[in-house]
Every structure is written in C-alpha cells, then in structure tokens.
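Peer 1: Fold the following for me, if possible:
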Amino acid sequence: MNEVVRTSTGISDTEAAAEASARRGAFGFPLHAHRAAALGEIHSRPAPSITAPRVLVKLCFMTEGGATVDHAVLSELSRRHGASPPERNARHHTIVTGKGSLRWERHTEASTYLWEGPLPRRFGDPLTGHPFGEEFPAPGTLIAGVRMEVRKHSAAAMKLIDDFDPATLCCSWVEGGSAVIATDFRQDSSGLTRILVLDKGMSAQRTGMLAQRLFDIEIYRTLAMLGLPLAQRLSPRMRKAEDQLATLTNRMRSVEADETEQLLDDITSLAAELEADAAASLYRFGASRAYHEIVDDRLDALGEEPVAGYDTWRSFLERRMAPAMRTCRSMEERQANLSRKLARAATLLRTKVDVAVEKQNRNLLASMNTRAKLQLRLQQTVEGLSVAAVSYYVVGLIGYVAKGMDNERFGISDTLITAAAVPIVVLGIWAFVRGIRKRHAEPGN
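Peer 2: Take a look at the predicted model:
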C-alpha cells in the first residue's frame, strides 16, 4: 500500500499540488481576479436537506450596523456552541445547536438566521431548543420572521389547515402534487408567520428547496412592502410640488423682466427639493421593485395547483401586493415627470431671460453705434478746426520770415509770399492729418 506523504502543514503532496494547480487555473493559465466569486455565486445559497417531520424558524434582520455587527453575533454564537467563527468576508455559516442547526446568510441590506429542529407534538406549540431567546444578540431590527412546520401528508394532517384564519387562508398543491403548502400570512403569539408543509414523498433536497422558496416569498414580500410607507409619506409633498409648479408656470405667462430672476430662483429651489426627495427614495423604490420580482420568480417556481375551496398563494399576494407596488411605481413616475417638467420650465424661463438680455444688448449696441457716429462727426469737426488753427500759425510764421527777408530787390513783397503760402500750408497740414488718421485706422495699430 502506498503511503501518503504529509507536509509540515498537514497537507499531502498531492493535495498541495492540486491546490497550487487550482490557483494557476486550468492547464496552468492565470486566473481572472473575480473568477472564484463568479463561479461560487451559484453555490452561495445552498438549500438545506430537510426530512419530515421538522420545524424551521427563519428570522430576517436589517443590518443597519453593517457586516461587523453580524460577524460579532456569529462569533458569539459559535463560541457558545463550540464552533469555529466565520471568516470576515463569509456570506453563509452553519452552527450545530444540539438537536438542530443554525444557518446564517448575508444579503444586501439584511441577514437571515434559519434554525432547524425537532417538530413539536402539536401544530403551533411553543418551540424549545432554538437559540432565539433573550440571550440571542440580535444584529439589527427584525423585519420578518417565519415558522414553518414540515409534516407527513395524511388526512389528520390536512385537518391542521383549519387552525389558520379562513379569511386569508391560502392552500395549494406544489411540486407536481408532491406537497401541500398552507398559510394565512398572519403572525402567531411570537410574531412569526406560520407556514404548514405536508410532504407526500419528496426527497430531502426537494423539501429543502421548497422551504427556501417559501421563506423567500414571505421575507422578500415584506421587504418589498417597505417602499409603500415611503411612497405614502412622499405623496403630500409631491402634490404640493405639483401645485407649486402649476403656479410658477402660470406666473411665467405674464412675468415682467425685473421679476424673472425671482421666478427662476423659485423654480430652482423647487427642483432642488424634488431632487433631494428623489435621491432619498431612489434605493428604496428600486429595492422594492427588485424584491417584488424575486417574489414573482419564486411563485412561478412553485407551480401551484389550487386545492378545492382555498385561494392560492399567487392570487392572494397579487391582490394584496400589486396595489402597493403600483403606488411605489406611480410615485417614481411622478417624481421623474415633475423633474422633467421643472427642467423644461427652467429652460423656457432662461430662454425668455436670454431673449430679453439680447434685446437689451441690441439696444445698447445701437446706442453705442449712435454715440460712435456722433464722436466721429465731432472728431472730423475738430480735425477741420485743428487744420485751420495749425495752418494759421504756420502761415503766420512764414509771414514773419518773409518780412525779415530782403524781397524788394526781387520785386516780391512779403504780403504776396504770405498769401501764396496759405493754400500750400493748408493742403499740407490737411494731408498730414489725414495720413495720421489712416495709419491709426489700419488693423494692428
């Protein structure tokens, strides 16, 4: 017989080689960083194997404190029952508790604790042996709790259905006629929703999968309904915002130019309040929609067949949940529509303001053009006077020069010289001033 050689860590050479190969990937190829998470997701919620008779209690807590609180609770429970605590990033964990077991799962905004134990003698009797007593360190606020009893199907077991409230009792065949499920969606003295499952020969794995679907329906329909109180709380605010928008749009019809700034401030303020409410409710409404879809998926997977004289789970939940989900969707649509209308109103008002500003700019440019023309005419007048003045002084200087010269011998008097210089000086000064103006009018000067 070949002996298995163990390393110092207690792992055989074969196991170590297999682990190293798994890290490298198939055929030694490098692994994608998220490959393990992608492959392991389909195994992240293993269904328990349940053999009737058995009782299951599942509690769902909102984890406002984050994963740290969950880990502390599980570590305490694990030490109390002699088990190893879970890893920090674990998403499910199992603890054996005497004759039963406790399964923990982490979800997006909640965590669930499922205890499986021996069935009491009579339906609805108080449970013993579960860990959910006064010493249980709850990780958050309880949002849903379910008590499920899995019993063998018989005529006597079918009479247990009479213990439910007939006003809301739902009972149907599932798993192709292999089981009967019944509930009234009401809570018992412990605050748990009671569910009865009567097994007609299902395997332990199929029973566990059925139990998981029923738990999901109850828990996720409760989580989905969390959007309704928020929608009801936002409804008066939305109505007020819609009335304010109507008032503001009516003011836009006859708003004066000096009132547009205040009106734009009012629209902007209303839009900011709406966006704040929409941002605060975005996650809750989106989560309610996702949870409702999960409930629909689980109901589809049940494949219900009605039991004569009773309502099915789907028909009951559709009647009760559909109005609430429509209210949430309606609130989302009202928020989106009002946001678009406010954006259009603000755009129209800004367009009106821009047109008024353009008119003011046009009038300002026209007045500036008129003033420029007046300045040009004044400049031309000043230029004409300056030519005459400069010419006068230049001609005067020429006259003084002519008087000082001996011009009689040439037969030319100083008066004649001065008179002859006048047109020449005037034309010269005019040409000089015109040249300066042209040089200043050229681009780049």
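Peer 1: how about the strands of the stretch 1-150 of the chain, start to end?
Peer 2: 54-62, 92-97, 100-106, 110-117, 141-152 (DSSP state E, counting those that start in this stretch).
Peer 1: Can you name every helix or strand that the last one contacts?
Peer 2: The helices and strands touching strand 141-152, judged by 3 or more C-beta pairs under 8 Å, 6 or more residues apart in numbering; DSSP states H and E, are strand 54-62, strand 193-199, helix 204-224. In short, each C-beta sits where N, CA and C put it, glycine included.
Peer 1: quick one, phi psi at residue 167?
Peer 2: phi -70, psi -30 (degrees, to the nearest 10).
Peer 1: what about it, how many neighbours?
Peer 2: Neighbours of residue 167 under the rule other C-beta atoms under 10 Å: 7.
Peer 1: residue contacts, it?
Peer 2: Listed by C-beta atoms under 8 Å, 6 or more residues apart in numbering, the contact partners of residue 167 are residue 184.
Peer 1: So for the closest residue to residue 94 other than its chain neighbours, what pLDDT did the model give?
Peer 2: Once flanking residues are discounted, residue 94 sits nearest to residue 103: 5.2 Å by C-beta to C-beta, 6 or more residues apart in numbering. pLDDT for residue 103: 91.
Peer 1: Residue 103 and residue 97 touch, don't they?
Peer 2: No - in this structure, residue 103 is not within contact of residue 97 by C-beta atoms under 8 Å, at 10.5 Å.
Peer 1: Find the residues that touch each one of these two.
Peer 2: residue 115.
Peer 1: Please, which helix or strand holds residue 184?
Peer 2: Residue 184 is part of strand 179-187, with elements assigned from DSSP states H and E.
Peer 1: got a list of what residue 64 touches?
Peer 2: 140, 141.
Peer 1: quick one: it from residue 140, how far?
Peer 2: Distance of residue 64 to residue 140, given as C-beta to C-beta, to the nearest Å: 5 Å.
Peer 1: Count the residues that sit near the spatially closest residue to residue 76 that is not a sequence neighbour.
Peer 2: Nearest residue to residue 76, sequence neighbours excluded (C-beta to C-beta, 6+ apart): residue 137, at 5.8 Å. Using other C-beta under 10 Å, residue 137 has 12 other residues around it.
Peer 1: middle-most residue in the chain, spatially?
Peer 2: The chain has residue 282 as the residue nearest its centroid, 5.2 Å off, counting by C-alpha atoms, centre = their mean.
Peer 1: where does that residue land in three-state SS?
Peer 2: Under DSSP: H, G, I helix; E, B strand; the rest coil, the three-state class of residue 282 is helix.
Peer 1: Please name the residues that touch it.
Peer 2: Residue 282 touches nothing, counting by C-beta under 8 Å, 6+ apart.
Peer 1: please redo it, this time with the cut-off set to 10 Å
Peer 2: 332, 335 (C-beta atoms under 10 Å, 6 or more residues apart in numbering).
Peer 1: do residue 302 as well
Peer 2: Neighbour list for residue 302: 172-175, 179, 181, 210, 213-214, 217, 312-314 [criterion: C-beta under 10 Å, 6+ apart].
Peer 1: ok, now with 7 Å
Peer 2: 174, 213, 313 (C-beta atoms under 7 Å, 6 or more residues apart in numbering).
Peer 1: ok, now how distant is the second one from residue 432?
Peer 2: Looking back up the chat, that one is residue 213. 104 Å.
Peer 1: Have a look at the two and say which one is more surrounded.
Peer 2: Between residue 213 and residue 432, counted using other C-beta under 10 Å, the more crowded position is residue 213 (19 against 11).
Peer 1: Within the helices and strands, which one has the closest residue to that one other than its chain neighbours?
Peer 2: Leaving aside its sequence neighbours, residue 213 sits nearest to residue 298 (C-beta to C-beta, 6+ apart; 4.7 Å). Taking DSSP H and E as the definition, residue 298 sits inside helix 260-302.
Peer 1: Could you give the average pLDDT over the helix or strand just after that helix?
Peer 2: Going down the chain from helix 260-302, the next helix or strand is strand 305-306, by DSSP H and E. The average pLDDT for strand 305-306 rounds to 92.
Peer 1: Mind checking what helix or strand follows the strand or helix carrying residue 362 in sequence?
Peer 2: Using DSSP H and E, residue 362 sits in helix 313-404. Going down the chain from helix 313-404, the next helix or strand is helix 414-441, by DSSP H and E.
Peer 1: got the buried residues for that following helix?
Peer 2: 414, 417, 418, 421, 425, 426, 429, 430 (16 or more other C-beta atoms under 10 Å).
Peer 1: Just the closest of those to residue 277, please.
Peer 2: The closest of the buried residues of helix 414-441 to residue 277 turns out to be residue 430 (C-beta to C-beta; 77.0 Å).
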